[in-house]
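Participant: Here is a sequence together with a model predicted from it:
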Amino acid sequence: VTRPKGNGYASIHTTLEHKSGLPLEMQIRTEEMHQAAEFGDSAHSLYKGGIKSLAAAQQFASTVRRRNVAVLEEGGDIPE
């Protein structure tokens with residue numbers, strides 16, 4: 001993906017036809033793209049209403065914190 005969205009989201013989307021005739025959306029991402037989509041600034045839960053309670057927000061923050069610590073422990077950089 002050469003031009004991610006302004007919030008960093010990057011993914012290849014395509015739609016296939018299931019044998020039932022219904023559309024089947026596929027998203028193709030690298031592991032890094034997936035982590036950014038799930039836990040970064042472009043995370044659906046942040047702008048699609050997925051976090052609806054304080055407990056859910058705390059769980060999300062905890063997940064992001066654990067991921068960032070793991071990345072740092074491996075000598076990597078945390079994406080902005």
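Facilitator: Right, received. Where do you want to start? Only a predicted model underlies this, so the values are computations on that prediction, with no experimental measurement involved. Residues are numbered from 1 along each chain as shown.

Participant: Okay, now the unreliable bits of this structure?
Facilitator: 7-8, 41-52, 78-80 (pLDDT under 70).

Participant: So in this protein, which helix runs the longest?
Facilitator: Secondary structure assigned by DSSP state H gives helix 54-73 as the longest helix of the chain.

Participant: Pull out the buried positions in it.
Facilitator: Neighbour counts using 16 or more other CB atoms under 10 Å place 60, 64 of helix 54-73 among the buried residues. In short, each C-beta sits where N, CA and C put it, glycine included.

Participant: Quick check: which helices or strands does it pack against?
Facilitator: Other elements packing on helix 54-73 under the criterion 3 or more CB pairs under 8 Å, 6 or more residues apart in numbering; DSSP states H and E are helix 31-39.

Participant: and the helix it packs on with helix 54-73, angle?
Facilitator: 150 degrees (axes from the mean of the first three to the mean of the last three CA atoms, to 10 degrees).

Participant: now helix 31-39, how far from the chain's geometric center?
Facilitator: Chain-centre distance of helix 31-39: 4 Å, with CA atoms, centre = their mean, to the nearest Å.
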